[in-house]
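*Asks:* Just to be clear, the model below is a prediction. Sequence and coordinates:
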Amino acid sequence: VQKGTLIINGGIFAVEPYDNPVYGYKYVLNCIDSALRNGTAKIIVNGGTFINYDPSHSNSENPMENFVADGYKVVSETKENGDIWYSVVKE
């Protein structure tokens, strides 16, 4: 997000990791850092499932950012193939 607000209410989101394992899966959701800091861009997650990405601990931001809306939490489940599915649900 460069400007404005992205609101996610549901869906399934997945991303392939970068070739460089240092970066992993961290860019499923991302705000331009300066826009996040000055408040002109934000992300609010009210639902959805994120594969190998926890929107409550987003490493795409520095420092780490919690995009999950107040009153919601993340529940994780490890699948047989090793993927971790993070689902955002009401508390």
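*Replies:* Done, it's in.
*Asks:* Quick check: pLDDT value at Ile44.
*Replies:* At Ile44, the predicted lDDT confidence score is 98.
*Asks:* Touching, it and Gly71? I think so.
*Replies:* No: counting by C-beta atoms under 8 Å, Gly71 is not a contact partner of Ile44; they are 11.2 Å apart. Any C-beta I mention is one placed from the backbone N, CA and C, and that applies to glycine too.
*Asks:* pLDDT score for the residue minimising distance to the centre of the chain?
*Replies:* The centre of the chain sits closest to Pro55, judged by C-alpha atoms, centre = their mean, with a distance of 2.8 Å. Per-residue confidence (pLDDT) for Pro55: 96.
*Asks:* wait, doesn't it sit right on Ser87?
*Replies:* No: counting by C-beta under 8 Å, Pro55 does not reach Ser87; the two are 10.1 Å apart.
*Asks:* Mean confidence (pLDDT) on whatever helix or strand Val88 lives in, please.
*Replies:* Using DSSP states H and E, Val88 falls within strand 84-90. Strand 84-90 shows a mean pLDDT of 97.
*Asks:* ditto for stretch 15-35
*Replies:* 79.
*Asks:* quick one, strands of the protein?
*Replies:* Secondary structure of the chain by DSSP state E: the strands cover 4-8, 12-13, 41-45, 48-51, 72-78, 84-90.
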